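Enquirer: kindly generate the corresponding structure for this input.
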Amino acid sequence: MNHEITPTPSPATDPKTYTIIIYILMTLGLFTGVFGLVAIIMAYIKKEDFKGTVYYDHMIYLIRTFWAGLVAAIVGFILMIILIGWIIFIAAYIWFIYRITVGFINLLDSKPVSTTSWF
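Expert: Model prediction:
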């Protein structure tokens with residue numbers, strides 16, 4: 001008798017779990033940039049595998065959040081010389097936290113996120 005065994009996906013390959021891990025790493029990236037870099041690499045690696053699912057939108061959302069946050073942080077850092085940089089830096093930090101929180105809540109509710117909106 002020939003029985004085929006269908007492998008059960010591990011939590012690490014489950015799209016929702018994988019996306020949760022990326023959100024957690026992005027959050028940790030607020031404190032140490034290394035985690036943010038790991039998260040963005042993971043998002044780029046898996047985004048095509050998630051095409052056609054709600055998780056693809058989350059990958060695009062996270063990638064755009066990362067790059068926009070990084071650019072804003074760099075601009076803020078450069079402009080700290082004239083003190084306005086602190087305002088930009090803090091605003092970017094708050095915006096990044098907001099985006100990660102909204103995205104994570106939508107993910108837990110299995111909802112898509114807007115890949116074109118700034119908020």
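Enquirer: what's the closest non-adjacent residue to the residue nearest in space to the middle of the chain?
Expert: Nearest to the mean C-alpha position of the chain, by Cα atoms, centre = their mean, lies L62 at 2.9 Å. Nearest non-adjacent residue to L62, counting by Cβ to Cβ, 6 or more residues apart in numbering: A43, 4.9 Å away. C-betas here are computed from N, CA, C, even on glycine.
Enquirer: same deal with F89?
Expert: G76 (3.2 Å).
Enquirer: for that neighbour, which residues are in contact?
Expert: 85-92 (Cβ atoms under 8 Å, 6 or more residues apart in numbering).
Enquirer: what mean pLDDT does the helix or strand where A39 lies have?
Expert: Taking DSSP states H and E as the definition, one finds A39 inside helix 33-46. Helix 33-46 shows a mean pLDDT of 94.
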